[in-house]
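> Need coordinates for the below:
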Amino acid sequence: MRRARIAFYFALAIILSAAGLKPALAQLEDLGGKHDSQAPIEITADTLEVRQAENLAIFRGDVDAIQGDMLLKADILVVHYRDNSESPDAPGISQIDAEGNVFVSSPNETAQGERGVYDVDNKKIWLSGSVILTQGENIIQGDELEFDLVSGKSKVMSAASENGERKRVHGLFVPKKEEN
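So this is what the prediction gives:
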């Protein structure tokens, strides 16, 4: 068992190095505080499937990706990486898809949804499906979240319900209590 675990981590290290995961996640800024983008990245999952011909690495089963104080959790994480032989000037990851119970946390904020996409090239993150964004006691709920890593702006949107009625974004903002 221990030998299998060592082999798994060794294979994972090789794949992540080839895929350029560290530089890609280094571009992912913290959702509201300082994030150490140079920190090592640790990914754990129940299984890892590599589709070299498709430039994909697929992590399945209670996936945790941790870098410094940033955590990404999902049921499935699909890493789309570039073939360095075809694009030597643009190595690394182009996109990361997260599916099922997606949860992103930093020291200051958390965001969760059913699906997530990190567009590395455009430095944007989208979450969809019952999105909840929290900061302390403040909570915003909607159907979609768009987060621009360059500007730091986020936008929560709602979608039409099945009967055509427009759902609405819901926010609860709790003022700071003054100390006596």
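> Report the central residue of the protein.
Geometric centre of the chain, nearest residue: residue 72, 5.1 Å, by Cα atoms, centre = their mean.
> Quick check: nearest residue in space to it, chain neighbours excluded?
In space, and not counting its chain neighbours, residue 72 is closest to residue 65: 4.3 Å by Cβ to Cβ, 6 or more residues apart in numbering. For glycine as for every other residue, the C-beta is placed from the backbone atoms N, C-alpha and C.
> what is the mean pLDDT for the strand or helix carrying the one you found?
Per DSSP states H and E, residue 65 falls inside strand 56-67. Averaged across strand 56-67, the pLDDT comes to 92.
> Could you give the bridge partners of the residue nearest to residue 72?
On the basis of DSSP bridges, residue 65 is bridged to residue 43, residue 72.
> could you pull out the helices for the protein?
2-19, 21-26 (DSSP state H).
> what's the span of stretch 132-141, first residue to last?
5 Å (Cα to Cα, to the nearest Å).
> Contacts for it, please.
Outside stretch 132-141, the residues within contact range by Cβ atoms under 8 Å, 6 or more residues apart in numbering are 32, 108-113, 130-131, 145, 154, 156, 169-174.
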